[in-house]
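> dropping the sequence and predicted coords here.
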Amino acid sequence: MQHLHPLSPLLREVTASLPPSYYCDPGIYTEEVRSVWARGWTYVGRAADLAPGSMRRVDVAGTNVLLARSKTGDIHGYHNVCPHRGSELCTTNEQPLRGGRILCPYHAWSFNIDGSLASTAAASRAPDFDPSVFGLYPVGVTDWNGLLFVCPTDAPEPFGTDNAFGTQDLDNWPMRDLVTAYRETHLVECNWKILWENFSECLHCPGVHPSLCDLIPIHKKGLLAYYDDPDWSPETPAPESELRPGARSWTISGQAATAEFPGLTDDQRSTGHVYCVIWPTLFVVAHVDYISIVSYRPLGAEQTEVTGEVLLSPSALADPDFDLAQIVTFNQQVQDEDAAVCELNQRGLRSSPFASGVLMPEEYNVKTFHEWLRRRMDAAAAVAIPAVACLGVERSHVG
Ligand code: FES
Ligand SMILES: [Fe+2]
């Protein structure tokens with residue numbers, strides 16, 4: 001390792017992995033949900049999949065949230081609770097607004113799309129009843145490239161501060177105009193961090209991903225990219241494409257499954273894939289002909305819901321010769337292979353002699369992820385837990 005170029009990303013020293021309790025202990029899991037997930041931004045679906053004039057219930061790190069979209073298209077997010085006596089407001093994945101308002105199914109109070117109280121229905125109002133105090137409790141909602149993210153607090157931090165990588169790199173992809181052609185959700189029996197660790201290295205690729213290695217030759221060496229080679233220097237020319245000669249996309253054939261997106265640069269066309277990562281919630285892989293999104297939702301210390309989506313241009317779906325299986329089969333195989341080794345990892349971590357693993361030089365992205373996690377948890381620990389706000393007393397007003 002003596003000859004590594006100073007700019008090589010490879011680790012220079014033995015680095016400990018996280019202890020097994022970080023993957024199995026329900027107490028640490030609860031702390032992570034509070035520190036990392038409930039204070040950050042979680043992907044909750046595409047804006048295009050929430051119809052104007054409708055609302056949807058979503059779970060965000062254990063917080064029940066409703067998303068409402070006006071007829072004109074603007075999207076708002078609130079805690080899914082009625083300020084009257086606490087009923088859940090939205091009860092399904094998709095239900096219509098009533099006259100443009102959010103209607104409580106219990107005593108029929110209704111709320112404007114901006115969260116302000118519109119009507120108390122049959123209830124008369126005492127002289128000192130102040131309707132401005134009884135608006136909905138807001139949460140943060142942001143729309144990035146047509147993807148909706150929720151931060152379930154009323155004072156969210158800016159989106160993508162220290163957890164997003166490559167978001168600018170997708171600017172040439174027409175993400176808002178694409179349709180969700182495929183979505184599949186799996187339960188994977190492992191801690192959510194194991195999925196991210198596995199995503200962050202390719203040492204497992206030669207043994208686990210034969211078809212991916214066939215498509216991306218550098219992965220056969222266990223390397224994520226050419227600059228992971230110990231002999232790399234800034235003078236090392238970047239390969240024109242990460243894919244094998246003649247290949248264009250991540251498909252069974254290696255060819256684009258449909259027409260290539262028109263706005264891409266030559267580099268973006270030839271490279272084969274562009275990654276965008278937003279911890280802890282998702283990563284995006286953009287190709288010349290489609291986009292894939294893989295998102296994570298922790299369900300417990302040892303279980304995570306993984307959702308894969310494929311986004312395509314509407315014209316591809318309208319083409320009778322288009323074969324979605326070219327894309328889905330390839331991606332699903334890679335995801336299944338990853339899920340299997342992640343579950344393997346989880347089961348092994350329960351072995352009692354194992355106190356802590358070691359990160360090898362190529363696992364530098366795993367180290368970066370662990371450092372980010374620790375920063376988030378330390379930052380949360382440094383903030384005093386605020387007193388639970390009482391209705392109409394301390395909570396913020398809306399409208
Ligand atoms: S709880 Fe919603 S109107 Fe009564
Ligand atoms: Fe993998």
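Looks like it came in fine. Residues are numbered from 1 along each chain as shown. Ligands and ions are numbered 1, 2, ... in the order given.

> near ligand 1, which residues of the chain?
82, 84, 85, 87, 104, 106, 107, 109 (C-beta under 6 Å from any ligand atom). All C-beta atoms are positioned from the backbone trio N, CA, C, and that covers glycine.

> dump the residues you listed to TSV, plus pLDDT.
Formatted as TSV, the residues of the chain next to ligand 1 follow (pLDDT from 0 to 100):
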residue	pLDDT
82	98
84	98
85	98
87	98
104	98
106	98
107	98
109	98
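
> those into JSON lines, with extra columns for secondary structure?
Compiled in JSON lines, these are given as follows (DSSP: H, G, I helix; E, B strand; the rest coil):
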{"residue": "82", "secondary structure": "coil"}
{"residue": "84", "secondary structure": "coil"}
{"residue": "85", "secondary structure": "coil"}
{"residue": "87", "secondary structure": "coil"}
{"residue": "104", "secondary structure": "coil"}
{"residue": "106", "secondary structure": "coil"}
{"residue": "107", "secondary structure": "coil"}
{"residue": "109", "secondary structure": "coil"}
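
> so among those residues, which ones count as buried?
82, 84, 104, 109 (16 or more other C-beta atoms under 10 Å).

> nearest to residue 369, of those residues?
Nearest to residue 369 out of those is residue 82 (C-beta to C-beta; 39.1 Å).

> quick one, helices of this structure?
For the chain, applying DSSP state H gives helices covering 21-24, 26-32, 192-199, 205-208, 210-215, 266-271, 314-318, 325-349, 364-382.

> who's in contact with residue 175?
145, 146, 147, 291, 311 (C-beta atoms under 8 Å, 6 or more residues apart in numbering).

> can you pick the most crowded of the residues you listed?
residue 311 (25 neighbours; other C-beta atoms under 10 Å).

> count the residues that sit near the nearest residue to residue 144 once chain neighbours are set aside.
Spatial nearest neighbour of residue 144, excluding adjacent residues (C-beta to C-beta, 6 or more residues apart in numbering): residue 159 at 6.6 Å. Residue 159 has 18 neighbouring residues, counting by other C-beta under 10 Å.

> how far away is residue 159 from ligand 1?
31 Å (C-beta to the nearest ligand atom, to the nearest Å).

> residue contacts, that residue?
Contacts for residue 159 (C-beta under 8 Å, 6+ apart) come out as 41, 142, 144, 149, 151.

> which of the helices of the chain is buried the deepest?
helix 192-199 (a mean of 23; mean count of other C-beta atoms under 10 Å).

> off-centre distance for that helix?
Relative to the centre of its chain, helix 192-199 is centred 13 Å away, using C-alpha atoms, centre = their mean, to the nearest Å.

> now stretch 296-308
Its chain's average C-alpha position is 11 Å from that of stretch 296-308, according to C-alpha atoms, centre = their mean.

> can you check stretch 281-298 too?
Distance, centroid of stretch 281-298 to centroid of chain: 8 Å (C-alpha atoms, centre = their mean).

> equivalent analysis for stretch 244-256, please.
26 Å.

> between the two ends of that stretch, how far is it?
One end of stretch 244-256 sits 13 Å from the other (C-alpha to C-alpha, to the nearest Å).

> could you list the buried residues of that stretch?
So stretch 244-256, judged by 16+ other C-beta under 10 Å, has buried residues 247, 248, 249, 250, 251, 252, 254, 256.

> which ones are touching the nearest residue to the second one once chain neighbours are set aside?
For residue 248, ignoring the flanking residues on the chain, the nearest one in space by C-beta to C-beta, 6+ apart is residue 256 at 4.7 Å. Going by C-beta under 8 Å, 6+ apart, residue 256 touches 248, 249, 287, 288, 289.

> is it possible to get a markdown table of the helices of the chain that adds distance to residue 183 and mean pLDDT?
Formatted as a markdown table, the helices of the chain follow (distance: least, C-beta to C-beta, whole Å; pLDDT from 0 to 100):
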| stretch | distance to residue 183 | mean pLDDT |
| --- | --- | --- |
| helix 21-24 | 27 | 96 |
| helix 26-32 | 26 | 97 |
| helix 192-199 | 18 | 98 |
| helix 205-208 | 24 | 98 |
| helix 210-215 | 21 | 97 |
| helix 266-271 | 25 | 91 |
| helix 314-318 | 14 | 95 |
| helix 325-349 | 10 | 97 |
| helix 364-382 | 26 | 94 |
